[in-house]
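[1] Need coordinates for the below:
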Amino acid sequence: MSAIRMLFLVMAALILLGIWLTGFTVVHWVLYIPVAALTFAGVTGICPGYLIFQKLGFKGLTLGNKL
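    Numbering: from 1, shown residues only. Reported below is the predicted structural model:
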C-alpha cells in the first residue's frame, strides 16, 4: 500500500472518530462526504476529489513536474 493511500485511510478514520465522539445523531450529513471519499480513495487508489478538479480544468500532476 502506498503512503498516499494510507494517508487517505487515516484521515477518513480521524474524521469518523470526530463524528463518533460528537455523536452520530448530532453531526450534519455533509461531514460523511469526506469520510466516504477518503475511504474510497484509500481502498481503490482513485481520488474522487482529484478527478473532479481535473474535470473543472485544473491541471493534474505530470511526470517530471516537481511542483
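[2] Check the spacing between residue 40 and residue 25 real quick.
    24 Å (CB to CB, to the nearest Å). (Each C-beta comes from the backbone N, C-alpha and C, glycine too.)
[3] who has more neighbours, the two?
    Per other CB atoms under 10 Å, whichever of residue 40 and residue 25 has more neighbours is residue 40, with 15 against 5.
[4] So for the helix or strand hosting that one, what gets flagged as buried?
    Take DSSP states H and E as the rule and residue 40 turns out to sit in helix 32-44. Residues 35, 37, 38, 39, 41, 42 are the ones in helix 32-44 that count as buried (16 or more other CB atoms under 10 Å).
[5] from those residues, which single one is nearest residue 3?
    The shortest approach to residue 3 among the buried residues of helix 32-44 belongs to residue 42, at 11.2 Å (CB to CB).
[6] residues contacting the closest one?
    5, 6, 7, 8, 9, 12 (CB atoms under 8 Å, 6 or more residues apart in numbering).
[7] In helices only, show me those residues.
    5, 6, 7, 8, 9, 12 (DSSP state H).
[8] The residue nearest the centre of the chain - nearest residue in space that isn't next to it in sequence?
    The centroid of the chain falls nearest to residue 38 when counting by CA atoms, centre = their mean (2.7 Å). Using CB to CB, 6 or more residues apart in numbering and skipping the chain neighbours, the partner closest in space to residue 38 is residue 12 (3.7 Å).
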